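>>> Sequence first, predicted model second:
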Amino acid sequence: MSEVTLRPFLASDAAWLVKQHQTLYARDEGFDETFGALVADILAEFVAQNDPARERGWIAMEGERRIGSIFCVRAGPRTAKLRLFLLTPESRGKGLGKRLLKTCMAFARAAGYDDMQLWTHESHRAACALYAAAGWRLVDSRPVHSFGVDLVEQSWRIDL
């Protein structure tokens, strides 16, 4: 992998990010179109209402090519939420996920949050291993039917 830079999310990244989520999750997990719609709603809300002092998104770039993302958003006065963590398949396994996670957590800490939370699925084993290695704790796990498939939904948390 050549040099990877992290830059702030721009509204013009939204269509790429929705397409990547929809395509990759449909291919890898069988998710239906409701997942892409959820990602589009999350991004529309972020673009319209984010507080730059306490919320931020990053896009990982390899040259001119987007290869990943991560977002820190407000979940409460003292709690941040990690969202839209994505790596393209060719960028996985090279330390970029760890770098994105550290960047997001450092921002949340500097923005004054006491803790962070995230929501994911048990099937995202590599991401869950990364969270655990970074000190996150699994706080809830339950079977659900979402995005047209049966899943095990997980909630994770970390004190900053």
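Great, that's in hand.

>>> Please make it C-alpha for all contacts and neighbour counts, starting now.
Will do.

>>> contacting residues around Thr79?
Residues in contact with Thr79 (Cα atoms under 8 Å, 6 or more residues apart in numbering) are Tyr113, Asp114, Asp115, Met116, Gln117.

>>> In those, which residue is surrounded by the most others?
With neighbours taken as other Cα atoms under 10 Å, the top of those is Met116, carrying 25 neighbours.

>>> pLDDT averaged over the helix or strand hosting that one, what's the number?
Element membership of Met116, judged by DSSP states H and E, is strand 115-121. Averaging pLDDT along strand 115-121 yields 96.

>>> Export only the CA atoms of that strand, formatted as PDB.
Taking C-alpha atoms only, strand 115-121 is exported to PDB below (Å, rounded to 0.1, in the frame of the first residue of the first chain):
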ATOM      1  CA  ASP A 115     -16.600   7.500  26.700                       C
ATOM      2  CA  MET A 116     -17.500   6.100  23.300                       C
ATOM      3  CA  GLN A 117     -20.000   3.600  22.100                       C
ATOM      4  CA  LEU A 118     -20.600   1.700  18.800                       C
ATOM      5  CA  TRP A 119     -23.000  -0.700  17.300                       C
ATOM      6  CA  THR A 120     -21.900  -3.600  15.000                       C
ATOM      7  CA  HIS A 121     -22.600  -7.200  14.200                       C
END
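
>>> contacting residues around that strand?
Contacts of strand 115-121 (Cα under 8 Å, 6+ apart): 78-83, 105, 108-109, 151-160.

>>> could you point out which element follows that strand?
helix 125-133.

>>> can you pull the buried residues of the helix or strand just after that following helix?
The helix or strand immediately downstream of helix 125-133 is strand 137-146, counting by DSSP H and E. Residues Arg137, Leu138 are the ones in strand 137-146 that count as buried (16 or more other Cα atoms under 10 Å).

>>> and the angle from strand 137-146 to strand 115-121?
40 degrees (axes from the mean of the first three to the mean of the last three Cα atoms, to 10 degrees).
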